[in-house]
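In: Got a predicted structure plus its sequence, pasted below:
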Amino acid sequence: MNKINKTSLKVLNLFLVVVFLVVSGFGCSLQSAQQTAAIAPITLTYWRVWDDQDAFDQVIRDYQLIHPNVTINYRKFRYEEFEAELLNALAEDRGPDIFSIPEALLKKYQSKLTPMPAQLKLGYIVEKSYFGIKKEQVVEIRTDKTPTLREIKDQYADTVYADAVIDNQVYGLPLSLDTLVMYYNKDILNQAGIAQLPIDWKTFQEDVVKMTKFETQNVILQSGTALGTGYNVERMFDILSVLMMQNGAIMANAQGYPTFFSNIKVGGQTINPGLTALQFYADFALPLKQVYSWNNTMDNSLSAFMAGKVGFFFGYNYHLAQIRSQSRVNFGIAPLPQIAGNPVKNYANYWLEVVSKKSKYQNEAWDFILFANKPAEVKKYLAETNRPTAQKALIASQQDSEDLHASVGQILTAATWYRGQDVNAAELAFKEMAERFLLVTINSEISNVMSVATQKVTQTINAQ
């Protein structure tokens, strides 16, 4: 009996020693150097265009609740200065940890980026209690898996997977995704007796004829739409691209080289869907065509729409703030018309949040991007900026929005196409092609116009 009591006494004494060490704080001193390093103060530098910092304030605050050691230094740039400043900073090793780029520039920047790792190892400060006696904060190092390729495909619009995944690596994720939509002047449509918005291009043509007004045969007072030319149509490249895509043109082959003017076989017939789409587009700027409503002497299409002189204007959600602030047009927003009987196809325009290969904090940088993309967090960003979502699960939450319904209703059918390292050169090639097409009269000249445009876009692919 005495032997048992002595053993019990030893166990009790050992227990009291452990409790004393914990309560006295001695246990904290056993924290490893790895744990200390995991919560060392760091600063992530984040560069973007368009959005002010208040668009991210709440998301950043939420992130710092679980990672109080991380400071996020946000900086907004003007679009015109951003790329030059970014490239200079990266070359001089003073660039940001996280930054945004248009999806069209991802391959251009690929060598400067670090893809999303398969897992992230980060420190978390958590509260623990010992024997119900004392609560204290301790460091936990967790290894968390990042989303798989299948999960990325399931979560985001299909075009995100097609654009952001290269060689089975995720190089960026979007916070929002814009699609090309149709703005319309309600007063002009009402005056023309148009009660229903066109959902196909044939009806669209008929409505354009009803809305266009002339002072003389060639002097246009009011345009049914602003299409057909190269240099004074906002986002002309996107509009002509989606017309080709809707008509069945394959914009590029597996190697990325342009094929938008290649012939294809349909029902035993050889057709050129790219050429047909270009002709459709150009008709709106050809005086002898019934749908003539625009020419290259007129103002920029966005400016003309804001001045109340255009019935239909094609643009993006990002045009909305400018139209509202700079005009008094009574307008609405509708989905892009389609070709009746053909598969629905729309055009995407969006930016990706990416991590610099030179960042010292790549894990933390990717962790913040993934945190900001959690549905509960990205909804705060979308609400603050009034932007359309890129995530499938959030489409329903925006479909009742007068501003966003047209765009979000199209993200599942939206796509882009690769146009090389020099996007501006590719877009210029399309503008020049449209202008030259308006001047040609014979088939050999048309073929040359097509060939030159293809060559110029090919040069942007070979530039890599």
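Out: Sure, I can see it.
In: how's this protein carved up into domains?
Out: The domain map for the chain lists 38-116+146-177+351-387, 179-349+408-462, with the assignment taken from automatic domain parsing.
In: looking at those domains, which is closest to residue 394?
Out: domain 38-116+146-177+351-387 (6.3 Å; Cβ to Cβ). (Each C-beta comes from the backbone N, C-alpha and C, glycine too.)
In: chain center to the closest one: distance?
Out: Distance of domain 38-116+146-177+351-387 from the chain centroid (Cα atoms, centre = their mean, to the nearest Å) equals 12 Å.
In: And the contacts of the helix or strand containing residue 187?
Out: Using DSSP states H and E, residue 187 sits in helix 186-191. Residues from elsewhere that reach helix 186-191 (Cβ atoms under 8 Å, 6 or more residues apart in numbering): 197, 207, 211, 222, 308, 310, 311, 329, 330, 331, 332.
In: Which positions in that helix come out as buried?
Out: Neighbour-count burial for helix 186-191, counted by 16 or more other Cβ atoms under 10 Å, picks out 188, 189.
In: Kindly export that helix (C-alpha atoms) in CSV.
Out: Extracted in CSV, the C-alpha atoms of helix 186-191 (Å, rounded to 0.1, in the frame of the first residue of the first chain):
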residue,chain,number,x,y,z
LYS,A,186,-33.5,53.5,-74.7
ASP,A,187,-34.8,56.8,-76.1
ILE,A,188,-33.5,56.0,-79.7
LEU,A,189,-35.0,52.6,-79.6
ASN,A,190,-38.3,53.9,-78.3
GLN,A,191,-38.4,56.6,-81.1
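In: then the next helix or strand after it to PDB, C-alphas only?
Out: Using DSSP H and E, the next helix or strand after helix 186-191 towards the C-terminus is helix 201-211. Only the C-alpha atoms of helix 201-211 are listed here, as PDB (Å, rounded to 0.1, in the frame of the first residue of the first chain):
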ATOM      1  CA  TRP A 201     -27.700  39.500 -85.600                       C
ATOM      2  CA  LYS A 202     -30.300  39.500 -88.300                       C
ATOM      3  CA  THR A 203     -32.800  41.300 -86.100                       C
ATOM      4  CA  PHE A 204     -30.000  43.500 -85.000                       C
ATOM      5  CA  GLN A 205     -29.400  44.600 -88.600                       C
ATOM      6  CA  GLU A 206     -33.100  45.300 -89.100                       C
ATOM      7  CA  ASP A 207     -33.100  47.500 -85.900                       C
ATOM      8  CA  VAL A 208     -30.000  49.400 -87.000                       C
ATOM      9  CA  VAL A 209     -31.800  50.400 -90.300                       C
ATOM     10  CA  LYS A 210     -34.800  51.700 -88.300                       C
ATOM     11  CA  MET A 211     -32.600  53.800 -86.000                       C
END
